[in-house]
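Enquirer: Curious how this folds, go ahead:
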Amino acid sequence: MTSKHLRALAVPLGGACIAVAALLACGNDQVHQVNYGQPPDAAAFDAGNGGSSPYGGDGGTGTTTTIPEAGPPQCSDDLKLCAETFTLAYGGEQSVELRGDYRAGAWTQGDPMTHTGSAWTVTVNVPWNQPVQYKFFLNGTTWEADPANPAPPNDPNDADGNSIEQPITCPDTYTCSSPPVPPAGVFDWRDAVIYFAFVDRFLDGDPTNDCNVSGTESTPYTSTNYLGGDWAGVTQKIIAGYFTDLGVNTIWLTVPIKNADDVADQGVNGDTHMYSGYHGYWPKDPTQTESCFGSASDLQALVQAAHAKNIKVLFDYAMVHVHTESSIYTQHQNDSPPWFTPNCVCGAPGCGNFDTSCWFAPYLAHYDYTNSAARTFSINAAISLIQQNGNDAFRLDAIKQVDPSWLANLRPAISSQILASETPQQRFYMVGETYDFQNRALIASMIDSSTKLDGQFDFPLRIRLVEALLMRSTQNMLTPDDLNWGRTAPPGMQGLAEFMDSNDSFYPSDAVMSTFIGNHDLPRSIHYAEQTLPAWLQASSPSNPSAADGKNAAWSGEPQTETDPNTYQRLANAFAVILTNKGAPLIYYGDEIGLPGAGDPDNRRMMTWSGTSPAQQGLYARIKALTAIRAAHPAMRRGTRATLFVNEDLWVYELTTQAGDPSPDTVYVAINRSDADMQTTALPGGLTELITNTPATSPMTIPARETRVFK
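Expert: Predicted coordinates for the structure are as follows:
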């Protein structure tokens, strides 16, 4: 790419929105120039106020230690790369390429060397602590070994006379390559698009298994009782092609094990409302499945139907505690040593703050997994669940509240008892929930694909996506890894780009983080994108509405379905970020149509299957278009990103697969968060825009509140 392609012009055009045959309608003709609603206050934020939930949210970080510097990237030695410079004395050649085994494909397409003065030079990445065979390819016709490093005589490992560069290491400067593409027949979890089908709120496919718990509460829009959704309903939508049409290839199901489904209890953190266990986070017996969702055969049929559609199934798994009505608790609470920690509710004087010992609520007995008997029982139940149902992955609830010995024992058990008998051997994906918007070091500490988690939900990215794309905040963005919640990063898209750049190298290179905008512990995403931020969101967390739990509007004054089409376009833009970048992007059920809702339980309304507005249908269509583009372009799933242009409102970036990738690919993405059309000259010529299927021009117009993808 020449230097002229790195320069850009970004200017508001004003006037009406340009549709350009986009799948998402432009909405209102009036363009709001630089009207971002009410930006959040820049004051300090108490992380402990964010995300408290009786059903799996961790109730804040409970972290007071300073986060260490990221240091070098994390990866195994076989993925580490060191920069090495190769030199050839100039002898009048017109061109010289370095070729060799330093990367896949480099024997047939090497790296051009640069002629300066009396030498040709090139710097390339070579494998950590591995010898490299290489030669120079002169003028496109002639091979030559390195005169300064001739081939070793009579080398039995090299009959072609290649020069050999001796192994090197670079402990302070190494970079990490991406893992290779798995062999045929093995699913690459970097290709996953996850849909969270909250079973009880998704679709009632079999009314005969409906449950009712007395003492629960209702609102005009939802209830804390069971509402009838079941595995049969999810299966119906699998067979009907709903997930396939949306571009989803992984379904996350709520906890399938037997729950305390016949009692009502208060919430946590002073929440006096009464709830049932419809959510699945009050486990009673991990050796049985939940009858309110159907029979054991219904769950097996769901997994089989998903696999027939090439869809993976991810089970939510609750292993932190059991409900005190469980016979497991009554039988083992007095064992010596005990199976459970002392009854001490998180946050109470003398108790931990959502750590590995305190109880979430007086009725949720926390396992003590330092007791090997309790740990073995739980792990055996998890293994049996996989064996009986054939699920492909676990989402591990509140993983930071679990003693590390549990995870350390689960991974080898899955490898030996599940994966060892598979041909070809798959990767059983385990993604953790660590509810923390800032502490990336804590999140990363639990990721290791060989011994711990494959990845975690990226809460720190989510809070920045909400501020930059949905709220269109004009204040400085949160500084990465600052537990005091300082705001020194640039505002808007520039701050988001910088954060994502740092994020790319923060976690292990083979980690598959799940990126998301909304989930079941947060207010519905659509409301952050309203023209003016709703007062209930600002009141819920005044200094950081993007971290609000929205509980203050969950029982009265609940939000209605959004009517402004612009709001849906902003949510589509946020999805565009996670669907065009690496990770396993998550769609929380209903977010594909902008389902409304404040905090829990209002964010868990029954799914809407009919009567959606054109704007809702447009959001669905845009997500569908983006998932299709993602599936066709490996650069979005495993490529590296380079920013071509960014300012507060417009971000233009290039995505390219690594050298040696079996499917070489380059795409370009331009995201405009503003309420005015923008122009950019940052793109190279000769491109086609993939959403509208039209030739790109220069300068290229990016419509207000929209994304364009180029190939």
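
Enquirer: And residue 666, how close does it get to residue 709?
Expert: For residue 666, the distance to residue 709 (Cβ to Cβ, to the nearest Å) stands at 12 Å. All C-beta spots, glycine's among them, are computed from the backbone N, C-alpha and C.

Enquirer: if you count what's nearby, which of the two comes out ahead?
Expert: residue 709 (25 against 16; other Cβ atoms under 10 Å).

Enquirer: Spit out the contact partners of the nearest residue to that one once chain neighbours are set aside.
Expert: Of all residues not flanking residue 709 in the chain, residue 690 sits nearest, at 4.6 Å (Cβ to Cβ, 6 or more residues apart in numbering). By Cβ atoms under 8 Å, 6 or more residues apart in numbering, the contact list for residue 690 reads 629, 667, 709-711.

Enquirer: For those residues, pick the one with the most neighbours.
Expert: Using other Cβ under 10 Å as the neighbour test, the contacts of residue 690 are led by residue 709, with 25 neighbours.

Enquirer: pretty sure it contacts residue 671?
Expert: No. Between residue 709 and residue 671 there is no contact under Cβ atoms under 8 Å: 9.6 Å.

Enquirer: tell me which residues of stretch 626-636 are tucked away?
Expert: 626-630, 633-636 (16 or more other Cβ atoms under 10 Å).

Enquirer: to the chain's geometric centre, what's the distance from that stretch?
Expert: Chain-centre distance of stretch 626-636: 15 Å, with Cα atoms, centre = their mean, to the nearest Å.

Enquirer: tell me the mean pLDDT for it?
Expert: The average pLDDT for stretch 626-636 rounds to 98.

Enquirer: Ok, stretch 516-529 next?
Expert: Mean pLDDT, stretch 516-529: 98.

Enquirer: how long is stretch 602-618 end to end?
Expert: One end of stretch 602-618 to the other measures 24 Å (Cα to Cα, to the nearest Å).

Enquirer: average model confidence for it?
Expert: 98.

Enquirer: before we move on, back to that, and the two most separated of the contacts of residue 690?
Expert: Using Cβ to Cβ, the pair of the contacts of residue 690 lying farthest apart is 629 and 710, separated by 10.4 Å.

Enquirer: Give me the common contacts of these two.
Expert: Common neighbours of residue 629 and residue 710 (Cβ under 8 Å, 6+ apart) are 667, 690.

Enquirer: before we move on, back to that, so which of the buried residues of stretch 626-636 comes closest to residue 489?
Expert: Nearest member of those to residue 489, counting by Cβ to Cβ, is residue 636, at 24.6 Å.

Enquirer: Endpoints of stretch 260-273, how far apart?
Expert: Stretch 260-273 has an end-to-end distance of 17 Å (Cα to Cα).

Enquirer: quick one: contacts of it?
Expert: With Cβ under 8 Å, 6+ apart as the test, stretch 260-273 has contacts from 52-54, 59, 211, 213-217, 224, 226, 274-278, 282-284, 290-292, 323, 325-326, 345-347, 360-361, 363, 551, 555.

Enquirer: Can you flag the buried ones in the residues you listed?
Expert: Using 16+ other Cβ under 10 Å as the burial test, the contacts of stretch 260-273 include 52-54, 59, 211, 213, 216, 224, 226, 274-278, 282-284, 290, 292, 323, 326, 345-347, 360-361, 363, 551 as buried.

Enquirer: Just the ones in strands from those, please.
Expert: Under the assignment DSSP state E, the buried ones among the contacts of stretch 260-273 contribute 274-275, 283-284, 323 to strands.

Enquirer: now, the most widely separated pair of those?
Expert: Between all members of these, the farthest pair (by Cβ to Cβ) comes out as 274 and 283, at 19.1 Å.

Enquirer: Check the secondary structure at residue 704 for me.
Expert: State at residue 704, reduced to three classes by DSSP: H, G, I helix; E, B strand; the rest coil: coil.

Enquirer: Would you quantify the distance from it to residue 397?
Expert: 40 Å.

Enquirer: quick one: which of those two has more around it?
Expert: residue 704 (29 against 24).

Enquirer: The more buried one is in contact with residue 677, isn't it?
Expert: Yes. Counting by Cβ under 8 Å, residue 677 is a contact partner of residue 704 at 5.3 Å.

Enquirer: Who are the contact partners of the closest residue in space to residue 392 that isn't next to it in sequence?
Expert: Leaving aside its chain neighbours, residue 392 sits nearest to residue 312 (4.1 Å; criterion: Cβ to Cβ, 6+ apart). Contact analysis of residue 312 by Cβ under 8 Å, 6+ apart lists 187, 192, 249-251, 306, 392-393, 429.

Enquirer: Over to residue 338?
Expert: Neighbours of residue 338 in contact, by Cβ under 8 Å, 6+ apart: 332, 368, 371.

Enquirer: just checking, which of these belong to helices?
Expert: residue 332 (DSSP state H).
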